[in-house]
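S.K.: this one's sequence-less:
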């Protein structure tokens with residue numbers, strides 16, 4: 001092991017340098033940073049306690065949450081502004097309720113199909129279409 005290698009800290013754990021200086025100015029872990037991002041996102045959108053009540057959807061978990069939606073389609077829709085989204089690093093993130101509302105608005109109701117005419121003799125249909133007797 002080299003002299004510059006670092007071990008990964010657990011969430012809430014202070015680095016040894018910060019502990020020696022008796023301060024807590026250590027850089028937060030990725031999980032702590034994402035939790036803070038969720039709180040700021042809720043505050044910025046005026047949804048208050050939304051991160052606890054409304055989970056965040058990112059391109060990493062969009063396929064698991066919405067089986068018919070690809071990460072690429074989610075990212076493209078966020079870029080176009082189809083729903084309120086922020087960036088977490090390079091990846092878009094949005095509240096689940098916003099994504100659900102967007103998907104609901106995209107639903108298309110199929111037109112009812114006409115029933116096919118029921119015939120007993122297929123040859124009679126062919127003769128009728130061909131202009132026969």
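M.R.: All right, it came through fine. Since the model is a prediction, treat every value here as computed from it, not as a measurement. Numbers count the residues shown, from 1 in each chain.
S.K.: and the helices in the chain?
M.R.: 16-20, 30-44, 50-53, 62-65, 71-80, 96-106, 122-129 (DSSP state H).
S.K.: dump the ones you listed into JSON lines; add mean neighbour count and mean pLDDT as well.
M.R.: (Each C-beta comes from the backbone N, C-alpha and C, glycine too.) Formatted as JSON lines, the helices of the chain follow (neighbours: other CB atoms under 10 Å; pLDDT from 0 to 100):
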{"stretch": "helix 16-20", "mean neighbour count": "11", "mean pLDDT": "52"}
{"stretch": "helix 30-44", "mean neighbour count": "14", "mean pLDDT": "73"}
{"stretch": "helix 50-53", "mean neighbour count": "16", "mean pLDDT": "51"}
{"stretch": "helix 62-65", "mean neighbour count": "14", "mean pLDDT": "85"}
{"stretch": "helix 71-80", "mean neighbour count": "16", "mean pLDDT": "92"}
{"stretch": "helix 96-106", "mean neighbour count": "15", "mean pLDDT": "90"}
{"stretch": "helix 122-129", "mean neighbour count": "10", "mean pLDDT": "76"}
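S.K.: just put the ones you listed in TSV and tack on distance to residue 112.
M.R.: TSV is the format used below for those (distance: least, CB to CB, whole Å):
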stretch	distance to residue 112
helix 16-20	67
helix 30-44	42
helix 50-53	39
helix 62-65	31
helix 71-80	28
helix 96-106	21
helix 122-129	23
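S.K.: closest one to residue 88 among those?
M.R.: When the helices of the chain are compared by CB to CB, helix 30-44 sits nearest residue 88, at 5.8 Å.
S.K.: kindly list the longest strand within the chain.
M.R.: strand 91-95 (DSSP state E).
S.K.: now that one: buried residues?
M.R.: Residues 92-95 are the ones in strand 91-95 that count as buried (16 or more other CB atoms under 10 Å).
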